[in-house]
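Novice: the sequence and its predicted three-dimensional model are supplied below.
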Amino acid sequence: MEFGLFYFANAEEHQQGYELLVAGARFADRNGFSAVWTPERHFHEFGGIYPNPAVTGAAIAAVTEHVAIRAGSVVAPLHNPIRIAEEWSVVDNLSGGRAGIAFASGWHAGDFVFSPGRYHDRRADNVAALEQVRRLWRGESVTVPDGVGNPVEIRTLPRPVQAELPVWLTTSGSIESFESAGRLGVNVLTHLLGQELADIEQKVKAYHAAWHEAGHTGRGHVSLMIHTYLGTDRAAVKEVVREPFSQYLLSSFDLIARAVGRTGSTETAGDIAALTDADRRFLIDAAFDRYFRTNGLFGSVEDGVEICGGLQDAGVDELACLIDFGVDSKLVLDGLDRLGELRQAWTQKVPAAAN
């Protein structure tokens, strides 16, 4: 199993968030981690420092030599696929061939101010963009209308270092999306928010089945985003992460309320808005206890080895360890040393996991 770092939600002062990004990337590069992932997020305190993963990817390229640099994810329906291919080819060149992209359809209607009118067809648009970017990356041409409506044939520049772009399809958990990734012959990026480990195992099996039925070679690659903080013992870690992770979960209430309101689900939006502060806190406390027990990489290094065993049994190939969910940056960096110890301990326990 591979270990990468995933950035998603830093709520600290912006400069501190970027300092954590660079420090973590350097750590990952020195310590044999597989990748550093940065997201595309807009218009919210949690995550708003990451509006463009190509920009953060270029910054990571400048301070690293080995680690893969990945978008987790590009919300493809918000952009012209030609532009995605151009930007990420720059990242590939700056990094000497280490770029990769997870493609996501998006879920929040408010984000589609960048691309009005594409919200309802976003899933089909996402797959179409993924395929077009792959073609452009290989050096193929596409024919598109120019500014006065005339068809023009274009190829993108600069040419990338990698002949083939490493591609993931991002899924929040539907088995159909796992199967779609298998048919397309691309990797999967998913998470444990709203999914159980047993669910992941069944979906990975469906992904592999679709992959082989489509005639692709190999078996694909499943990357799992997982909230991560390791310490000396599980009880101490629980107290460190309790409040920041609870605030992280609490922020989702606001996002969900905005999202359902924009899509016309007034009854659901009203239900969320009607919750009292005490109601919200009760739900968050229950959610925190559940996620801490079963859906995160929390505890000691020894706890982490046990958790990794269950994830590998479920078919996960890579842990994309989300580290910036609100824990103080100094503690996060201290925790990276223990995450490095976990990677080494897992490699010694399962030598094939290092390959």
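Specialist: On my side now, so go ahead. These figures come from a predicted structure and were not determined experimentally.
Novice: could you give the number of residues near the closest residue to Gln202 other than its chain neighbours?
Specialist: Take Gln202 and drop its neighbours on the chain: the residue closest to it by C-beta to C-beta, 6 or more residues apart in numbering is Ile175, 7.4 Å away. C-betas here are computed from N, CA, C, even on glycine. Applying other C-beta atoms under 10 Å, we find 15 residues neighbouring Ile175.
Novice: and the pLDDT for Ile175?
Specialist: On the pLDDT scale, Ile175 is placed at 95.
Novice: my guess is it meets Val204, correct?
Specialist: No. Here Ile175 does not reach Val204: they are 10.1 Å apart, not a contact under C-beta atoms under 8 Å.
Novice: and the residue nearest to Gln202, how far from Ala206?
Specialist: Look at Ile175 and Ala206: by C-beta to C-beta, to the nearest Å, they are 5 Å apart.
Novice: model confidence score at Gly270, please.
Specialist: At Gly270, pLDDT is 47.
Novice: cool, the one 5 residues further on as well?
Specialist: For Leu275, the pLDDT comes out at 65.
Novice: repeat for Arg262
Specialist: Per-residue confidence at Arg262 stands at 43 (pLDDT).
Novice: and Gln15, by the same measure?
Specialist: pLDDT at Gln15 comes out at 78.
Novice: same check, this time on Trp37
Specialist: On the pLDDT scale, Trp37 gets 98.
Novice: the residue nearest to it when sequence neighbours are not counted in helix, strand or coil?
Specialist: Spatial nearest neighbour of Trp37, chain neighbours left out: Gly72 (3.5 Å); criterion: C-beta to C-beta, 6+ apart. For Gly72, the assignment made with DSSP: H, G, I helix; E, B strand; the rest coil gives strand.
Novice: for the one 10 residues further on, same thing?
Specialist: With three-state DSSP as the basis, the three-state label of Ile82 is helix.
Novice: just checking, it touches Leu157?
Specialist: No. The criterion here is C-beta under 8 Å, and Ile82 misses it with Leu157 at 10.9 Å.
Novice: contacting residues around Ala9?
Specialist: For Ala9, the contacting residues are Arg41, Phe46, Gly47, Tyr248, Ser251, Leu322, Asp324, Phe325, Gly326, by C-beta atoms under 8 Å, 6 or more residues apart in numbering.
Novice: now the second one: how far from Gly17?
Specialist: The gap separating Phe46 from Gly17 is 11 Å, by C-beta to C-beta.
Novice: the fifth one now?
Specialist: When C-beta to C-beta is applied, the distance between Ser251 and Gly17 equals 15 Å.
Novice: same question for the third one.
Specialist: Noted for Gly47: a distance of 10 Å to Gly17, by C-beta to C-beta.
Novice: so how far is the helix or strand harbouring Thr190 off the chain centroid?
Specialist: Thr190 belongs to strand 187-191 when elements are defined using DSSP states H and E. On the basis of C-alpha atoms, centre = their mean, to the nearest Å, strand 187-191 is displaced by 8 Å from the centre of the chain it belongs to.
Novice: thinking again about what came up before, so which of the contacts of Ala9 are in strands?
Specialist: Judged by DSSP state E, the subset of the contacts of Ala9 located in strands is Leu322.
Novice: of the contacts of Ala9, which is the most crowded?
Specialist: Asp324 (27 neighbours).
Novice: hmm, Tyr7 and that residue touching each other?
Specialist: Yes. In this structure, Asp324 is within contact of Tyr7 by C-beta under 8 Å, at 5.2 Å.
Novice: what do the two both touch?
Specialist: Common neighbours of Asp324 and Tyr7 (C-beta under 8 Å, 6+ apart) are Leu20, Leu21.
Novice: tell me what the residue nearest to Trp37 is bridged to.
Specialist: Beta-bridge pairing for Gly72 (DSSP bridges): Ala102.
Novice: what's around it, how many residues?
Specialist: Look at Gly72: counted by other C-beta under 10 Å, it has 28 neighbours.
Novice: shaky segments in the stretch 251-355 of the chain?
Specialist: Scanning the stretch 251-355 of the chain for pLDDT under 70 picks out the ranges 252-275, 277, 351-355.
Novice: for it, just list every one of the helices.
Specialist: Under the criterion DSSP state H, counting those that start in this stretch, the stretch 251-355 of the chain carries helices at the ranges 266-273, 277-294, 301-313, 329-349.
Novice: a markdown table for those, including mean neighbour count and distance to Gln132?
Specialist: Formatted as a markdown table, these follow (neighbours: other C-beta atoms under 10 Å; distance: least, C-beta to C-beta, whole Å):
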| stretch | mean neighbour count | distance to Gln132 |
| --- | --- | --- |
| helix 266-273 | 13 | 34 |
| helix 277-294 | 13 | 37 |
| helix 301-313 | 17 | 33 |
| helix 329-349 | 18 | 36 |
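Novice: please consider this matter closed, and thank you.
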